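# here is the input, now give the coordinates:
(chains A and B)
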Amino acid sequence: MKLRDAISWIKDESDPKLRGWEEFYRNRWQHDKIVRSTHGVNCTGGCTWQIHVKDGIVTWEMQGLDYPMLEHGLPPYEPRGCQRGISYSWYLYSPLRVKYPYLRGALLDLWKGARAQHDDPVEAWKSLVENPEARARWQRARGKGGFRRVEWDTVLELIAAAEVHTIKTHGPDRIAGFSPIPAMSMISYASGARMLQLMGGISLSFYDWYCDLPPASPETWGEQTDVQESADWYNAKLLAVMGSNLNMTRTPDCHFAAEARHNGSKMWVFAPDFNQVAKYADEWVAINAGQDGAWWMAVNHVLLTEFHHKKQIPYFIEYTQKYTDAPYLVELTKSGKGYRAGQLLRANRLAGYQAVENGDWQFLMWDRNTLRPKMPKGSVGYRWANRETGKWNLLLEDGLDDSTIDPQLTFLDAGDGVASVEFDDFGEARNVFREVPIKRVQLADGSVVTVATVYDLLMAQYGVARGLGGDYPAGYDEENQAYTPAWAEKYTGMNRDVILRFAREWGVTAEKTNGRCTVIIGAGINHWYHGNLMYRAAIHALMFCGCIGVNGGGLAHYVGQEKLAPGESWSAIAFAKDWYAASRLQNAPSWHYVNTDQWRYEREFTDYHTVPIHSNGLAHGHTIDHQIRAVRNGWLPFYPQFNKSSLEIPREAQAAGAQSGEEIAQYAVQQLKNRGLKFSVEDPDAPENWPRVWFVWRGNALLASAKGHEYFLRHYLGTHNNAIATDDIAGGSAKEVKWWEQAPQGKMDLVVDLNFRMDTSALYSDVVLPAATWYEKADLNSTDMHSFIHPLSAAVPPAWQSKSDWQIFRELAKKFSELAEKHFPEPVKDLVATPLAHDSAAEITQPAIRDWMAGEIEAVPGKTMPALKVVTRDYKNLYNQYISFGPLARQSGLGQHGTHYEIQDEYDTALKSLPAVEWEGERYPSLRDDAEACNIILRFATVTNGELAWRSYKNMEKKVGLPLAHLAEKNRGLRVDYKALQARPQRLLNSPMWSGLTEDGRPYSPFTYNVESLVPWRTLTGRQHYYLDHPLYIAFGEHLPTYKPKPLPAQYADLRFSKEVGPTKMLNYLTPHGKWHIHSTYGDNHRMTTLSRGVEPFWINDKDAAEIDIVDNDWVEVHNDHGVVVTRAAVSARIPRGVCIQYHSPERTYSVPTSPLRGHKRAGGHNSLTRIRLKPNLMAGGYGQFTFHFNYWGPVGPNRDTHVLVRKLPELRW
Amino acid sequence: MNVRSQVSMVFHLDKCIGCHTCSIACKNIWTDRKGTEYMWWNNVETKPGTGYPTCWEDQNKYNGGWEKNGSGRIQLRSQNKGNALLKIFHNPSQPTMDDYYEPWTYDYQHLFNAPEGADQPTARPISMVTGEYINIEAGPNWDDDLGGSPVYAANDPNLEGLTPEQRMQLQATERLVFFYFPRICNHCLNPSCVAACPSGALYKRGEDGIVLIDQKRCRGWRACVAACPYKKTFYNWNTGKSEKCILCYPRLETGQAPACFHSCVGRIRYLGVVLYDADRLEEVAKLPNEELINGQRSLILDPNDPEVIAEARKNGVHDSVIESSQKSPTYKFVKTWKIALPPHIEFRTLPMLFYVPPMSPVMASKENGTLKHSSGNLFHDIDESRVPMKFLANLFGAGQEEKVRYALRKQKAVRWYRRALTVGDVDMETAHQMLSQADSSVEEAEAIYQLTSLCTFEDRFVIPPMHREQAIQMMEDPMEHKQSTGFGFVSAPQRGA
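Numbers count the residues shown, from 1 in each chain, chains lettered A, B, ... in the order given. This next block holds a predicted model:
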């Protein structure tokens, strides 16, 4: 019907005839199909997407909305997906898409010439790499254009030839691969890793290299990272957000925080700049950059004073006794005027416990009932016990006689008096003496030691006087004693009242809610050199108030999509553990620090790292020397292993009469002892120790993640670079490393990049292979932000000549196997050195630091030095192995994080019910195609196969001695396969591999399993650790929570060679995660460049800008010794003075002009201004939670303490 | 009474994270074509800031919307009967490319094709208008996150009436603030764009009030561009026709939320139908500024009132739509709770998109070199917040602080109440007091909390059934339509045709 017009001038239209044109927009909305996929991009989003396809073309994407609801009273997850994800479809048909294989022209010409001369491709490659002129020819051309399109066959042959040659000449551990964050597309990660591990190559870590790994997590919990899914933020009644910009980096989950506020949660945001998440805050703490540690130290001072001492909140006290190491006894050692805190007192030093199994790894509490020390269950000694099994649990019972323990937290008024203990005050560069209540304990040898509880030491360290004498603060207003609110003012810039009020709100909230306080924390904290200390201080506030292991409480650390949920089956496939028992897994921070020669650009680490005034030699020297010791002692891996091929050593050993693997290993030990064989890390600049071939896929290894990017260009690639620092700075201060007057440039023979877009890494590689996009392949994706597992699916087939990563490495394996027919007709023995491993009995190998090379202890592989294993590689069957789920998995079973379960029956069923491959008379479940690999992973993982979860709990019951299998009882019949994931998001099942529980829609919160089922943390005592008693930590003064000052620019040596030219400002250079990209992905696409400023700008305070005559959108030149960035300024008072921000991570491939300061060479990216520095105490090994695991432990790659000079760009030239 | 149904919208700014996912969802589907590059039917602005196109709120510059003339009637600012025809050929109030931006891309192929040289190739920016290299000086979101900018934040038209001290505060690191302001077409009840069109190409759909530009009838005069005070109609230089947000009617008609609503990960958006009295439009549009908000609210009718229902039925509003209006989330925010407010109602177009104003962090000050917060309360009072009340009032209250204060106070009271309930460090008596001071109750607080925090997709988007079968029936047998739709050749609209 026709409506009468409302107002004469407004036309209302109901007549359908006049509205026939409306089909115009309806036609656009039509599409042919919708396919579920997601984005493999290390954003932690893990969002489910609907990919719309029309005419066989992907037209756009919309978020999937069909997440199952979690428990009642929580907001739903829908929709998830951000501005970046929704722009992805642009890439598929864009001019930035890599459609074909490309080879660097200079190399192609040389290769054609060599192939004309050599029938054998391996000979052809040899003729090129062994010709220095030829090799330098293509190295020099790296990054400078001249790509040529080539056929797949040509390029696969070249790569395979390089692999075979490298293995023959140098050994397989000169071939490395870097691909980050498997969880984001785990099959694609597994592809290259599997090929490399079958070959004996190196997989480089990523989580620590990105500085995403929070070392405080292994330090405290023996856990890489385990965090709550975002829905659990909603349960928090106090949210403290620090160094984590939820809007930017947790975009799809940010609403939980916003919504929690409307449910009465209080939100505090700590950030030096008024950032996006500050908009939500009730209180924005405009804290001075990098001073968060000082804040939390003062908060802990208040919490201990008011909630533990003046009032003793029962919940807090009970929690502290039961779940933390606070009651444990620490030996005090004499030192000058008083005592210093030493190691935890070992049980076997007491008469009653002398004979206990693993007695060096059993610890003591003081029992209030019997008034004697007792040895609680749950220690690492019980974890790896052979006789005394079933005692690895958190019952407060003595391991010897099962008697109960009532732990004495403090000896205040209950001990043998007090002792004056020396504490480090790093902020003021002095020591203070504070009285600590003590107890004297008689040892088996008749001597008496002085002990204190960890709790009493904490009280003293945090400055809670409790009526004791010494250098304690008299009250909150005392500015000169750490760690009062008044003291913290100096560092944080925040008034003591704000600190005090925060601490009280924190304590009261936790008291009223039994621990529902959450810290959401991220890269903004973790990327500081002393990030581990800042984290620890915040963790302590959580632990003091019982906030860990409860829903709504805990440390929500989100930096990187590190949670690969179906870990057991995935890791078997990715690291070829289904075929070989040893893998070469390398911590990337050490590898790049050593191999890019960045160690040569600094002197002793004490130049910038404050250590105790009276520290022993352990806390001095050059980082490279610490690195070498760490490798020698088996603390950290290093590949290449030795200055000799790992295939050559077994041959030599056999020639010398060795037969078994053990004898070959013994031969190598002898050679190492008599220096006939050396670790490569001792002489990284010698050509025989260089890495040679490098594969990069799913990542931007040469820029976005290349801290010290210009040194990568200089020392790896041998091409032009913008660093002005000279490579001789370490001369004289590095002692153990072999010093070469000149550092080599261009170590890498061949760099291969798989990519769907021409990013900086692709641009600088020799070979660029066209990779399928995330809408063109089958894969799996999981994250810690939610508890679902998502598929990637092929909405359309891989476009043009692209292939999935799984297909590319499979084809490469095939080519390699073909060449191996001639070059490796027989299986070869490979001696694999691996470090002491976390979650294995190697955790209890090194109670003290002893150097076998100095003769302090016997050289025993796997105990005092790296483990040495011989594996027999079958190179001509490498392709067959790649496509087959191998027999070793069936034989050995699967597990991760110290879990284990058998799979023989499942494996045999899979042989019948899933596709299989057959070769040399044997049948194997097939891994030939991407989707097949997905199904194998899902079938054999505990989070997607309820029966296997049940088994894994059953096995864990034996270790723990308590019932656990009920946690999987309900789900025993559940199986999830790839098609189920495509149909609807599927929630992860309870699994002992993870510490959170998800039944009945309960949001995942870490360590609820530990708290509720009394399963220990994987630490020395089995409890959460306040106290870190490793000798290195004691030497570095980090055994207790502490505050260490930020390295000062002069000491940190970013500006030794750089000069101010014209009006210039020195600023602290921060590179947080940005709004328009996920790392470097998306940043170069049309949507993101349009919504930003067409470049990644340089954010600067308005007053700072005015002082050097810069106005908004001016071009600026930002430089230091390492390199230069040219971009445009974004000027705002939201940035505080003295710091600047360039969001991580721009590309050099678009919109980057040249730099006048560098002779008008192309300017770089954000990592042109960084250089890596490692923290030596993070290298400890063979000691409880301080034991290496890939991406779990080791020094991280911080970059936040960097300083730069900025000026207005005098001349714009492209 | 002349009862009609109108799809209306609420954006909850307290929840907006400024991510722009909405903008891209829209762009991917609707404005990714030649001629539409610069169009952002949905955009998100940082406030304080100048927005897109730059300073669009400044009607002294753009002359959009309506004004009251001497005789108390309202007239378009951009034209009057006398000069309308003249302005067809030259309308000085049109935004220029400088006010929008020059769309650009990059010479990406250079990365593949550059011959080997002495330095690294880079893809330079290229204008999508001229194809030449370009120096990028503006974009559709140029002042993103630039609170505290002396160029952008400092020139926000809503700063009018702020004291010099308040303006200074917005430029001081420790006192500044910003928030986000997503915008689409308001699908106004009194749309100036419709009134301005000399070709009669713009209309409001009778059944849902969506404002559309007929792509056949449009002649590209661009009077709508000048007349819309929100600058939400755009000229397509390729087709020679203007285009604007269509509220994704092809999606709405099939029961799906508009793309920008669907994709909102902040979960800030709500959509529902309301019934209003079209007979009183003119009367309300003429009210004095300070009465406009109440006036507009009074247009929106109680969907449970039998008289309203009867009148609606008389007007052909389907029973299912009436039912839908009874569940409308926007009705609750706007009419029941009064916490959602129209943007710049003083432009008198009677926008049907409403905003819940955002809370903001407590104010800080520097004392003896350290920063102190101006309140010691668990939740600070709304007047101790960083966003000046006057600023919000200029945006959402036609200059009246009371309207904004009411909306904020109620939100705050809900928080106090939920705190008392879930933690207990605030006693319930205090919480009740807060609620009553905010003109609220426990029941209302629960309802606000539920719809703000726990809302599902179905709670947020109550999409009225569109009864397409009835519309189609007016042209052809729906059975025939079922059998034949999609067959046929599609041709794009042509310039001038």
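# in space, what's closest to A:Glu59 - neighbours in sequence excluded?
Small correction: residue A:59 is Thr, not Glu. A:His52 (5.1 Å; CB to CB, 6 or more residues apart in numbering or on different chains). C-beta coordinates here come from the backbone N, C-alpha and C atoms, glycine included.
# would the one you found count as being in a strand?
Yes - with DSSP: H, G, I helix; E, B strand; the rest coil as the criterion, A:His52 is part of a strand.
# which ones are touching it?
For A:His52, the contacting residues are A:31, A:33-34, A:58-62, by CB atoms under 8 Å, 6 or more residues apart in numbering or on different chains.
# with B:Lys286 instead?
B:68, B:72-74.
# wait, A:Asn358 touches A:Ile844, no?
Yes - counting by CB atoms under 8 Å, A:Asn358 touches A:Ile844, with 5.8 Å between them.
# can you map out the strands along the stretch 51-200 of chain B?
Taking DSSP state E, counting those that start in this stretch as the criterion, the stretch 51-200 of chain B carries its strands at B:66-68, B:74-76, B:104-106, B:125-127, B:179-183.
# quick check, the fourth one touching chain A?
Yes - in terms of CB under 8 Å from any CB of the partner chain, part of strand B:125-127 sits within range of chain A, namely B:Pro125.
# ok, back up a step: and the strands of the stretch 51-200 of chain B, which is most packed in?
Mean neighbours per residue, mean count of other CB atoms under 10 Å in any protein chain shown, is largest over the strands of the stretch 51-200 of chain B for strand B:179-183, with a mean of 24.
# what is the burial count for residue 392?
Just going to use chain A. By the measure other CB atoms under 10 Å in any protein chain shown, the count of residues near A:Trp392 is 27.
# wrong chain, I was asking about chain B
The number of residues packed around B:Leu392, counting by other CB under 10 Å, is 27.
# can you tell me, leaving aside adjacent residues, what's nearest to it?
B:Val404 (4.4 Å).
# my guess is the one you found meets B:Pro343, correct?
No - with contact defined as CB under 8 Å, B:Val404 does not reach B:Pro343; the gap is 11.9 Å.
# tell me the buried residues in stretch A:22-32?
Using 16 or more other CB atoms under 10 Å in any protein chain shown as the test for burial, stretch A:22-32 gives A:22, A:24-25, A:28-29, A:31.
# how far away is the residue nearest to B:Leu392 from B:Gly148?
Separation of B:Val404 from B:Gly148 (CB to CB, to the nearest Å) stands at 22 Å.
# got a list of what the residue of the stretch 401-550 of chain A found nearest chain B touches?
For the stretch 401-550 of chain A and chain B, the shortest gap (CB to the nearest CB) falls at A:Asn495, measuring 4.2 Å. Each residue near A:Asn495 by CB under 8 Å, 6+ apart is listed here: A:489, B:367, B:370-373.
# how confident was the prediction at it?
Per-residue confidence (pLDDT) for A:Asn495: 98.
# check A:Asp15 too.
Reported pLDDT for A:Asp15: 80.
# B:Ala84 now?
69.
# whichever residue of the stretch 151-300 of chain B sits closest to chain A: neighbouring residues, count only.
Nearest residue of the stretch 151-300 of chain B to chain A, counting by CB to the nearest CB: B:Gly206, 3.2 Å away. When counting by other CB under 10 Å, one arrives at 22 neighbours for B:Gly206.
# number of nearby residues for the closest residue to it other than its chain neighbours?
Closest residue to B:Gly206 apart from its sequence neighbours, by CB to CB, 6+ apart: A:Ser14 at 3.2 Å. Using other CB under 10 Å, the number of residues around A:Ser14 comes to 17.
# now A:Glu922
The burial count for A:Glu922: 12, using other CB under 10 Å.
# please apply the same query to B:Arg73.
B:Arg73: 12 neighbours (other CB under 10 Å).
# report the contact partners of it.
Counting by CB under 8 Å, 6+ apart, B:Arg73 touches B:Lys286.
# mind checking the backbone torsions on it?
phi -90, psi 170 (degrees, to the nearest 10).
# which residues touch residue 318?
No chain in the question, so chain A it is. A:Gly546.
# could you do chain B instead?
B:465, B:467, B:470.
# okay, the residues you listed in TSV with neighbour count, secondary structure and distance to A:Arg174 next?
Putting the contacts of B:His318 into TSV (neighbours: other CB atoms under 10 Å in any protein chain shown; DSSP: H, G, I helix; E, B strand; the rest coil; distance: CB to CB, whole Å) gives the following:
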residue	neighbour count	secondary structure	distance to A:Arg174
B:Pro465	14	coil	68
B:His467	14	coil	71
B:Gln470	13	helix	74
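# now, among those residues, which is nearest to A:Asp753?
B:Pro465 (52.9 Å; CB to CB).
# the closest one contacts B:Ser324, correct?
Yes - in this structure, B:Pro465 is within contact of B:Ser324 by CB under 8 Å, at 6.8 Å.
# so how far is stretch A:86-97 from its chain's centroid?
Remark: stretch A:86-97 is offset 29 Å from the chain centroid, using CA atoms, centre = their mean, to the nearest Å.
# what's the answer for stretch A:417-436, then?
34 Å.
# give me the residues contacting that stretch.
Counting by CB under 8 Å, 6+ apart, A:294, A:332, A:335-341, A:437-438, A:450, A:452, A:456-457, A:459-461, A:463, A:468-472, A:480-482, A:487, A:491, A:610, A:612-614, A:1037, A:1040, A:1042-1045 sit against stretch A:417-436.
# span of stretch A:191-211 from start to end?
24 Å (CA to CA, to the nearest Å).
# and the closest residue to A:Pro215 other than its chain neighbours, helix, strand or coil?
Among residues not flanking A:Pro215 along the chain, A:Asn532 sits closest, at 4.1 Å (CB to CB, 6+ apart). The three-state label given to A:Asn532 by three-state DSSP is helix.
# check A:Asn532 and give its pLDDT.
What the model reports for A:Asn532 is a pLDDT of 98.
# show me what contacts it?
Going by CB under 8 Å, 6+ apart, A:Asn532 touches A:214-216, A:219, A:1038, A:1175, A:1178.
# with A:Arg975 instead?
Applying CB under 8 Å, 6+ apart to A:Arg975 gives the contacts A:938-939, A:944-947.
# low-confidence ranges in the chain?
Answering for chain A, as no chain was given. A:1-6 (pLDDT under 70).
# wait, chain B was what I had in mind.
Checking chain B against pLDDT under 70 turns up B:81-82, B:84-86, B:88-89, B:496-497.
# and the longest helix anywhere in it, how far out from the chain middle?
If each helix of chain B is counted by residues according to DSSP state H, the longest one is helix B:401-422. With CA atoms, centre = their mean as the basis, helix B:401-422 stands 23 Å off its chain's centre.
# pairing partners for the closest residue to A:Lys279 other than its chain neighbours in the sheet, please.
Counting by CB to CB, 6+ apart, B:Phe179 is the residue found nearest to A:Lys279 once chain neighbours are left out, at 5.3 Å. With DSSP bridges as the criterion, B:Phe179 is bridged to B:Lys47.
# wait, doesn't B:Phe179 sit right on B:Cys16?
Yes - counting by CB under 8 Å, B:Cys16 is a contact partner of B:Phe179 at 7.2 Å.
# mind listing the shared neighbours of the two?
B:Pro358.
# if you count neighbours, what's buried in the longest helix of chain B?
For helix B:401-422, a neighbour-count test (16+ other CB under 10 Å) marks B:401, B:403-422 as buried.
# could you do stretch A:388-403 as well?
Quick answer for stretch A:388-403 (16+ other CB under 10 Å): A:388, A:391-400.
# ok, now stretch A:113-126?
Neighbour-count burial for stretch A:113-126 [16+ other CB under 10 Å]: A:114-115, A:118, A:121-122, A:124-126.
# and those residues, which is closest to chain B?
Among these, and counting by CB to the nearest CB, the member closest to chain B is A:Ala114, at 19.0 Å.
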